[in-house]
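In: okay, here's the prediction I keep looking at, along with the sequence it came from:
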Amino acid sequence: MSILLKVFKIENVLVCRIVERLNRFVVLVYKDGKYYRAHINNTGRLHEFLVKDRKAFCLRHLRPYKTDFR
């Protein structure tokens, strides 16, 4: 019996810092001296993760949206 393990490779990940959560869907992040809006995929409470100055990982949108990252 063999076990098949799939691993996803995510490219172009940007490291940023969380500033604050603006609403259920958007968080304000800081990267390279500028502030950006990022879409949150999980709209749950996430209080223990979305903490000010915590490191975050964002992906830039491929097309223009209301937010710069996700």
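Out: Looks like it arrived, so ask away. Residues are numbered from 1 along each chain as shown.
In: list the beta-bridge partners for Y30.
Out: R17, Y35 (DSSP bridges).
In: state the distance from it to R45.
Out: As judged by Cβ to Cβ, to the nearest Å, Y30 and R45 stand 22 Å apart. Every C-beta, even on glycine, is put in place using the N, C-alpha and C of the backbone.
In: likewise L62?
Out: For L62, the distance to R45 equals 29 Å [Cβ to Cβ].
In: looking at the two, which is more packed in?
Out: R45 (10 against 7; other Cβ atoms under 10 Å).
In: so which residues of this protein form strands?
Out: Assigned by DSSP state E, the chain shows strands spanning 13-21, 26-31, 34-39, 55-59.
In: just say which of these is most tucked in.
Out: Among these, strand 26-31 has the highest mean neighbour count (mean count of other Cβ atoms under 10 Å), at a mean of 18.
In: show residues contacting that one.
Out: Contact partners of strand 26-31, identified using Cβ atoms under 8 Å, 6 or more residues apart in numbering, comprise 14-22, 35-40, 50, 56, 58, 67, 69.
In: please redo it, this time with the cut-off set to 7 Å
Out: Residues from elsewhere that reach strand 26-31 (Cβ atoms under 7 Å, 6 or more residues apart in numbering): 14, 16-22, 35-40, 50, 56, 58, 67, 69.
In: now this structure, which segments are flagged as low pLDDT?
Out: 1 (pLDDT under 70).
In: hey, what's the residue most central in space within it bridged with?
Out: With distances taken as Cα atoms, centre = their mean, C58 lies nearest the centre of the chain, 3.9 Å away. Taking DSSP bridges as the rule, C58 bridges to L14.
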